[in-house]
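J.: this one's structure only:
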């Protein structure tokens, strides 16, 4: 292994959380730390989020939420992606709020309750089709949840959904469907204290969708959710940088100690460049554990530091650039950064966590 590493700028992350929380106030901010905080490191990013204005945290799976509890996180935690073997009893024991999309989930949760009721958020599908109860199934789900609440098995904490973020018009239609679903729930005796719908995109651009809470994800990590506006233009700072040394120079070609096995996108060949000593050099090829760069007529030496991507303030490529080059989204660029690269957290007292 070379000295390749991932740098995580915690102060930039805190800046983003503060910026987004201020933008949507008085709505509360839930910060998504799913997928190991998009590759940034779930536990340290969760702590930094809560230090900077986030009210609560979201993950996908119950085990991730329980890991946060074991690491001392005491804020509200929300987990919503469940399989047939999800340990709901553990979730309830750890005070994890649970998204509920279907009757089978509700039945499994109520069967797991013992000493205390579960905390659930009922999900209606408003058009994204990323789970959520279909409109024709919604009254049955709500009625069953209300009955379980009256029996003392659970408390209904919220009603929620995901937006497709396809267009302002489609999001407006989804918001209208969401409001109708809330009206149906109210007519069935459900009085959920919290409504949440918007994530990064709608949270920034659609005030009507903010409701009581916005679930911010990739924007907090300094990646724009939009095609027509960069993170910098939104007042956000990219949090992750990938750096590695030159390990070999031969006949105008430098070999750098990271490759596709570290998350470098081979689809970017022909477009991508890296930064060495403040200058840009085109990538020639990407292998599993290294990449080659055209450094002809340049004084590049073994040991020189190469920035694959970074915040962009020194002319280097950002994760957003890489997303364009590879034909993907910035989320994937940072989330696919390999776990074999150590994360170095830049803060008042930098530490390395493997």
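T.: Cool, got the structure. Predicted model, so just to flag it, every value in this text is computed and none were measured. Numbers count the residues shown, from 1 in each chain.
J.: going forward, measure contacts and count neighbours with C-alpha atoms only.
T.: Noted.
J.: Next, the buried residues of the longest strand anywhere in the chain.
T.: Residue-count comparison of every strand in the chain, with assignments taken from DSSP state E, identifies strand 240-250 as the longest. Buried residues in strand 240-250, counted by 16 or more other Cα atoms under 10 Å: 240-247, 249.
J.: Nearest residue to residue 241 in space, please, no chain neighbours.
T.: residue 310 (4.1 Å; Cα to Cα, 6 or more residues apart in numbering).
J.: And for that neighbour, the neighbour number?
T.: 25 (other Cα atoms under 10 Å).
J.: just to revisit the earlier point, can you give the strand pairings for the longest strand of the chain, parallel or anti for each?
T.: Partner strands for strand 240-250, per DSSP bridges, with pairing direction: strand 5-9 (antiparallel), strand 253-256 (antiparallel), strand 305-309 (antiparallel).
J.: To residue 325, which of these lies closest?
T.: strand 305-309 (12.3 Å; Cα to Cα).
J.: Low-confidence stretches in the chain?
T.: In the prediction, the chain carries residues with pLDDT under 70 at positions 1-2, 348-354.
J.: quick check: domain ranges of it?
T.: The record, using automatic domain parsing to delimit domains, assigns the chain the ranges 10-222, 240-353.
J.: Could you work out the end-to-end span of the first one for me?
T.: What that stands for is domain 10-222. Across domain 10-222, the terminal residues are separated by 11 Å (Cα to Cα, to the nearest Å).
J.: Kindly report the same for stretch 203-218.
T.: 12 Å.
J.: Distance from the chain centre to it, please.
T.: In terms of Cα atoms, centre = their mean, to the nearest Å, the gap separating the centre of stretch 203-218 from the centre of its chain is 14 Å.
J.: Look at residue 51 and say how many residues are nearby.
T.: Residue 51: 13 surrounding residues under other Cα under 10 Å.
J.: residues contacting the residue nearest to residue 246 when sequence neighbours are not counted?
T.: Nearest residue to residue 246, sequence neighbours excluded (Cα to Cα, 6+ apart): residue 256, at 4.5 Å. By Cα atoms under 8 Å, 6 or more residues apart in numbering, the residues touching residue 256 are 244-248, 290-293, 306.
J.: Tell me the one among the residues you listed nearest to residue 186.
T.: In terms of Cα to Cα, no member of the contacts of residue 256 lies closer to residue 186 than residue 244, at 55.9 Å.
J.: and the gap between the residue positioned nearest the centre of the chain and residue 189?
T.: Taking Cα atoms, centre = their mean, the centroid of the chain lies closest to residue 217, which sits 4.0 Å from it. Between residue 217 and residue 189 the computed distance is 32 Å (Cα to Cα).
J.: residue boundaries of the strands in the stretch 251-354 of the chain?
T.: Taking DSSP state E, counting those that start in this stretch as the criterion, the stretch 251-354 of the chain carries its strands at 253-256, 273-276, 279-286, 291-294, 305-309, 343-346, 351-353.
J.: do you know which of those strands lies nearest residue 211?
T.: In terms of Cα to Cα, the element of those nearest to residue 211 is strand 343-346, at 33.7 Å.
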